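Peer 1: Build me a structure from this.
(chains A and B)
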Amino acid sequence: MNALAKLVTTSKTYGTGEHAVPALVDATLDILPGEVTLIEGPSGSGKTTLISILGLLLRPTTGEVWVEGRDVAHLTERELPGLRARNFGFVFQGFNLFPALTALENVAIAIEMKDPRAKDPRRQARELLELVDLGPRAHHLPADLSGGQKQRVAIARALGGNPPILVGDEPTAALDTKTALSVMELLRELASSHGRAVVVVTHDPRLERFADRVVRVEDGRIQSIGEGARA
Amino acid sequence: MWTLARKLLLHDRLRFAAAIAGVSVSVTLVLVQVGLYFGFMDTASSIIDASSADLWVGKAGNESFEFASPFDERAYYKVASVPGVARAERVVMNFAQLKLGNGGDLGVQVVGVEEVPGVSPLLAPWHVIAGNADRLREAGAIVVDRSEYPKIKIDHVGYTTEIAGVRAEVVAMTQGIRSFTTSPIVFTDLRSARSYMPGLGSDAVTYVLVKVAPGVSPLDVKARINAIPHLAAYTTAEMSKRTRMYWSSRTGVGAGFFTTAVLGVIVGFVVVGQILYSSTIQYLREFGTLKAMGARNSAVVQVIVAQALISAVLGFVVGGGIAALMRPAMVKVNLTVALFPALYAATLAVTIAMCSFAALLSIVKVLRLDPASVFKG
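Peer 2: A predicted model of the protein is given here:
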């Protein structure tokens, strides 16, 4: 199976000389379609650095980052937004929804901003909200939605433009157990049925039941890549 | 973009109201101050602008329209005989003391115009709203503006008083003719004017108004008149501009009004800049999220610029409305706020520029926003 994205001996060091702090060391990881990959590890272990580099938000100091079949580790700042828009959707712990916009508008504006030439962003947004079972709440403001519903809106927003890879940064951390599990079920479904790759950073071991692979990061190194409960 | 910009602004209505208030105050200040300036300037040159003369001829070296030195009538005849002059009319102008009803005196600006029966004069009182201005050729007949009635302490056409001890009867009333010097303008005919200002001499002339013959260039005639020693001729437009510039520069009125207008722009700039910046900071994570997902800087910047433009246009509408409403109120206290389409257009341009510059700090903030920062908690 061809990887949608991969890291090849990728390292990131902050600072230079005696102040140099290695945040990620020689990370190699394939992101495969249809798979849910959990990134686990203690705080400060390098998880965020790993997904930031994977999501093309951060440049590695050394190593390769492959997306769309080419090494994009050293592309210019002008080239990266388009690449991210085509390939990545992001979901965050804090949802990061515009409080002034309805669920529909939050999704539509993201579609429009990713691709100003997108056809009928509102129609696309409505379809995505229906996909995450939030069609009836499309015209509600985030303040009128539960935490789980907000995260579903965020997932719908991340799916705008149909990117093949979803990256979640602790997407269930702010949710109660039941809601967290339903959000993970949704992400699992998006991977299984739609062939997307889902990469989730988490501290929560209960989520392993949804994962195909669990990547353990400690001290900036990938310590292990094990099979998740789903594998 | 516009939807997002509008909703972000309206989401915090108090902050939005403060932004609009800031822009409105700025727009009102600019319009009223610049409008007052142009109003004063219109007042300063109103007599010149109301004339139908092609050229104004005065004594060479005169700087002020109102405080011009007179010359004797021989110069008038020289001007009248210049080739290309179709008509020449004398105007005598200076200040005199008008006797008030309470026994006091008030300095007035006497404008004596040449009234020739059957000929429409090159300068005459305009905007006559009561009485009969044709009676001006009668000895001792004067025309006064309604706005000056309280100052002169008269209340009707037909009122009789004295100027420099000589009888003066109000035969007509005008509306909107005011002097920049604040001394009421009193129109009368040439002979009466000379009797009110005996110190000038019985053949004094302050200006000669010239109408050039059809097909003759006023500039050619002007050049011929300027060849006459001790005289200076100006086209009516030049004379008007000279007078405006004189009062604008000598009194500092221009600098005063424009300084206040600039302060208004600065106030608007600071208010809008601060409010846009605080709004940008509030939504920084959301903007970062959009950038992380591939939104280009230009798309995010468009949202901020759209917010600035919405603030500018709404603030302009409110501020422009307030200025328009203030105008009639200021007329009641004898202040003319000259509001005209070009001034509105220029103020709108200044407002848009002001709000756009005010948005620069916010724009820099989102341009420097690292999309990876959304992962940093």
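Peer 1: which residues touch A:P205?
Peer 2: A:E40 (Cβ atoms under 8 Å, 6 or more residues apart in numbering or on different chains). Any C-beta I mention is one placed from the backbone N, CA and C, and that applies to glycine too.
Peer 1: swap the cut-off to 10 Å and go again
Peer 2: Applying Cβ atoms under 10 Å, 6 or more residues apart in numbering or on different chains, we find A:P205 in contact with A:38, A:40, A:214.
Peer 1: What residues does the stretch 1-150 of chain B have near chain A?
Peer 2: Taking Cβ under 10 Å from any Cβ of the partner chain, the part of the stretch 1-150 of chain B that reaches chain A is made up of B:1, B:3-4, B:6-12.
Peer 1: could you redo the last one with a cut-off of 8 Å?
Peer 2: Applying Cβ under 8 Å from any Cβ of the partner chain, one finds that the stretch 1-150 of chain B approaches chain A through B:1, B:3-4, B:7-8, B:10-11.
Peer 1: so can I have JSON lines of the residues you listed showing pLDDT, secondary structure and neighbour count?
Peer 2: Formatted as JSON lines, these follow (pLDDT from 0 to 100; DSSP: H, G, I helix; E, B strand; the rest coil; neighbours: other Cβ atoms under 10 Å in any protein chain shown):
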{"residue": "B:M1", "pLDDT": "77", "secondary structure": "coil", "neighbour count": "18"}
{"residue": "B:T3", "pLDDT": "84", "secondary structure": "helix", "neighbour count": "15"}
{"residue": "B:L4", "pLDDT": "86", "secondary structure": "helix", "neighbour count": "26"}
{"residue": "B:K7", "pLDDT": "88", "secondary structure": "helix", "neighbour count": "17"}
{"residue": "B:L8", "pLDDT": "87", "secondary structure": "helix", "neighbour count": "25"}
{"residue": "B:L10", "pLDDT": "89", "secondary structure": "helix", "neighbour count": "12"}
{"residue": "B:H11", "pLDDT": "87", "secondary structure": "helix", "neighbour count": "17"}
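Peer 1: So which of those is the closest to A:L57?
Peer 2: The shortest gap between A:L57 and any of the residues of the stretch 1-150 of chain B next to chain A belongs to B:L4, at 22.0 Å (Cβ to Cβ).
Peer 1: Surely the closest one and A:F98 touch.
Peer 2: Yes. With contact defined as Cβ atoms under 8 Å, B:L4 counts as touching A:F98 (7.0 Å).
Peer 1: Identify the contacts common to these two.
Peer 2: Residues touching both B:L4 and A:F98 (Cβ under 8 Å, 6+ apart) are A:105, A:109.
Peer 1: Show me which of the residues of the stretch 1-150 of chain B next to chain A is closest to B:A193.
Peer 2: Distances from B:A193 to the residues of the stretch 1-150 of chain B next to chain A, taken by Cβ to Cβ, are shortest for B:L10, at 63.8 Å.
Peer 1: How many residues are close by the closest residue to the closest one other than its chain neighbours?
Peer 2: Nearest-residue entry for B:L10: B:F16, 5.8 Å, with adjacent residues in sequence omitted and distances by Cβ to Cβ, 6 or more residues apart in numbering or on different chains. The burial count assigned to B:F16 is 20, neighbours taken as other Cβ atoms under 10 Å in any protein chain shown.
Peer 1: next SSE after the helix or strand hosting B:F16?
Peer 2: Remark: B:F16 resides in helix B:13-44, with elements defined by DSSP states H and E. Next helix or strand after helix B:13-44 toward the C-terminus (DSSP H and E): helix B:46-50.
Peer 1: helix or strand right after the lowest-mean-pLDDT helix or strand in chain B?
Peer 2: For chain B, using mean pLDDT, DSSP states H and E, the weakest element among its helices and strands is helix B:149-152, scoring a mean of 83. Scanning forward in sequence from helix B:149-152 by DSSP H and E, the next helix or strand is strand B:160-163.
Peer 1: Could you list the residues in contact with that following strand?
Peer 2: With Cβ under 8 Å, 6+ apart, strand B:160-163 has contacts from B:96-101, B:108, B:110, B:142, B:152, B:154, B:167-170, B:186, B:196.
Peer 1: swap in stretch A:125-145?
Peer 2: A:95, A:97-108, A:111, A:149-150, A:152-153, A:155-157, A:159-160, A:186.
Peer 1: and it, C-alpha only, in CSV?
Peer 2: Provided in CSV are the C-alpha atoms of stretch A:125-145 (Å, rounded to 0.1, in the frame of the first residue of the first chain):
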residue,chain,number,x,y,z
ALA,A,125,-20.4,22.3,4.0
ARG,A,126,-24.0,21.0,4.4
GLU,A,127,-23.0,17.6,3.0
LEU,A,128,-20.0,17.4,5.3
LEU,A,129,-22.2,18.3,8.4
GLU,A,130,-24.6,15.6,7.3
LEU,A,131,-21.7,13.1,7.1
VAL,A,132,-20.9,13.8,10.7
ASP,A,133,-24.6,13.6,11.7
LEU,A,134,-24.9,17.3,12.4
GLY,A,135,-27.2,18.3,9.5
PRO,A,136,-30.0,19.4,11.8
ARG,A,137,-27.6,21.6,13.8
ALA,A,138,-26.1,23.3,10.7
HIS,A,139,-27.4,26.7,11.6
HIS,A,140,-26.5,26.7,15.3
LEU,A,141,-23.7,28.8,16.7
PRO,A,142,-20.8,26.9,18.5
ALA,A,143,-22.1,28.3,21.8
ASP,A,144,-25.4,26.3,21.2
LEU,A,145,-23.6,23.0,20.6
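Peer 1: Same question for it: list its buried residues.
Peer 2: For stretch A:125-145, the neighbour count (16 or more other Cβ atoms under 10 Å in any protein chain shown) marks A:125-126, A:128-129, A:131-132, A:134, A:137-138, A:140-142, A:145 as buried.
Peer 1: Over to stretch A:190-207?
Peer 2: Buried-residue list, stretch A:190-207, by 16+ other Cβ under 10 Å: A:190-192, A:196-202, A:204, A:207.
Peer 1: Quick check: end-to-end length of it?
Peer 2: By Cα to Cα, to the nearest Å, the extent of stretch A:190-207 from end to end equals 15 Å.
Peer 1: swap in stretch A:161-179?
Peer 2: End-to-end distance for stretch A:161-179, by Cα to Cα: 26 Å.
Peer 1: Looking at it now, give me its mean pLDDT.
Peer 2: Averaged over stretch A:161-179, pLDDT sits at 89.
Peer 1: Quickly note the distance from A:L97 to chain B.
Peer 2: 7 Å (Cβ to the nearest Cβ, to the nearest Å).
Peer 1: any idea how far that residue is from A:M184?
Peer 2: The gap separating A:L97 from A:M184 is 19 Å, by Cβ to Cβ, to the nearest Å.
Peer 1: Residue 218: what's it in contact with?
Peer 2: Looking at chain A here, since you left the chain open. Applying Cβ under 8 Å, 6+ apart, the residues near A:E218 are A:41-42, A:45-46.
Peer 1: that answer is for a different chain, and I need it for chain B
Peer 2: By Cβ under 8 Å, 6+ apart, B:P218 lies in contact with B:54-55, B:212, B:235.
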